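Undergrad: Have a look; sequence and predicted model below, questions after that.
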Amino acid sequence: MNHPSSQPAAGPVVRKSVVVAAPLAVTFEVFTSQIESWWPMASHHIGDADCSAVVIEPRAGGRWYERGVDGVECVWGRVLVWDAPRRVVLLWQLSAQFRFDPAIHTEVDVRFVAVDAQTTRVELEHRGLEAYGADAVAMHQAFSSPTGWNGMLEHFAQVAGRARASTSTP
Amino acid sequence: MNPHLVDADARRFAALGDPTRLQVFALISRSPLSVTEVAAQLPVSRPAVSQHLKVLADAGLVQVESVGTRNLYRPDPDGVATLRDFIDSLWDVGLARFKLQAEKVARQRAAAERKTRGTR
């Protein structure tokens, strides 16, 4: 397949994998069509209004956006590869401040592997993070703000306390 | 747009979110380069490249190393690691929540299936 993600990753990359006690089809469906049910929405949406849904259009070239309760749509990026239920590659164009920025080009590559009929391993790679290089100072400053990343990471820690042990970094 | 955010953050982003600067950073992320080498690959003058590299260096993102008569620029691993670590935490939490939700949906589906079979 000829697409940008076929290039080897240069620069910083995040890799994660998680084993889910759910069939392959369900796992893929929850990841791609029920994002709002698991994404830490409270602090991670980009519109002014509360987010009612995060939509991934199920095709290569499809849009990836959030819809606020006010009906306003905010773009997160788009779909680079759609290979249901095995793989999806998303272009993630959110800045360090969670705003759409066409200059930001990072990729989230997610593979779904059936371990058995009731178990699926999800392998996630978020690459191209050097695109955040120029945001580093802004992020450092935001880290020290109570409403910035620090507050968000605290929120994360609370949420993750319940389930963090079940994720692993290969 | 949230006006409170736009006020302070947008100014920072105006200074830091420069597409050319991102290109400069992407180039030196692939291999250490001199100002001249970066300028040769972008439609940007050498002084402009120097200025971009200075901003990146002030942000703790770029290191300079003297090799013979050349100054080579490369990413500062500490500055870049902070960003990587943030995204790393983001996915730790995101995937932990995802796992809980997918397993909940799977249990609901299985229960619904059992019920359907049972009433037949």
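TA: Okay, I see it. The model shown is predicted, which means the values in this text are computed figures rather than measured ones.

Undergrad: residues near the residue nearest to A:Glu57 when sequence neighbours are not counted, how many?
TA: Of all residues beyond its chain neighbours, the one nearest A:Glu57 is A:Arg63 (5.1 Å), with distances taken as Cβ to Cβ, 6 or more residues apart in numbering or on different chains. (Each C-beta comes from the backbone N, C-alpha and C, glycine too.) Per other Cβ atoms under 10 Å in any protein chain shown, the neighbour tally for A:Arg63 reads 14.

Undergrad: where's A:Arg63 relative to A:Ile56, distance?
TA: Computed as Cβ to Cβ, to the nearest Å, the A:Arg63 to A:Ile56 distance reads 8 Å.

Undergrad: Equivalent analysis for A:Val113, please.
TA: Per Cβ to Cβ, A:Val113 is found 20 Å from A:Ile56.

Undergrad: These two: which has the busier surroundings?
TA: Looking at A:Val113 and A:Ile56 with other Cβ under 10 Å, you find the greater number of neighbours at A:Ile56, namely 20 against 15.

Undergrad: Return the list of strands paired to whatever helix or strand A:Thr120 lives in, each annotated with direction.
TA: With elements delineated by DSSP states H and E, A:Thr120 resides in strand A:119-127, which encompasses its position. Taking DSSP bridges as the criterion, strand A:119-127 forms sheet pairs with strand A:14-20 (antiparallel), strand A:106-116 (antiparallel).

Undergrad: Any idea which of the ones you listed gets closest to B:Arg84?
TA: strand A:14-20 (6.3 Å; Cβ to Cβ).

Undergrad: For that closest one, which residues meet the burial criterion?
TA: Burial within strand A:14-20, assessed by neighbour count using 16 or more other Cβ atoms under 10 Å in any protein chain shown, is assigned to A:Val14, A:Lys16, A:Ser17, A:Val18, A:Val20.

Undergrad: So for it, mean pLDDT?
TA: Here strand A:14-20 scores 90 as its mean pLDDT.

Undergrad: got a list of contacts for that strand?
TA: Surrounding strand A:14-20, the residues in contact under the criterion Cβ atoms under 8 Å, 6 or more residues apart in numbering or on different chains are A:27, A:115, A:119-127, A:129, A:166-170, B:84, B:87-88, B:91-92, B:95-96, B:98-99, B:102-103, B:106.

Undergrad: of those, buried ones?
TA: Under a neighbour-count criterion of 16+ other Cβ under 10 Å, the subset of the contacts of strand A:14-20 counted as buried comprises A:27, A:119-122, A:124-127, A:129, A:166-167, B:84, B:87-88, B:91-92, B:95-96, B:98-99, B:102-103, B:106.

Undergrad: tell me the strands in chain B, going along the chain?
TA: In chain B, the strands defined using DSSP state E lie at B:62-67, B:70-75.

Undergrad: Same list (those strands) but as JSON lines, adding mean pLDDT.
TA: As requested, the strands of chain B are arranged in JSON lines below (pLDDT from 0 to 100):
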{"stretch": "strand B:62-67", "mean pLDDT": "88"}
{"stretch": "strand B:70-75", "mean pLDDT": "89"}
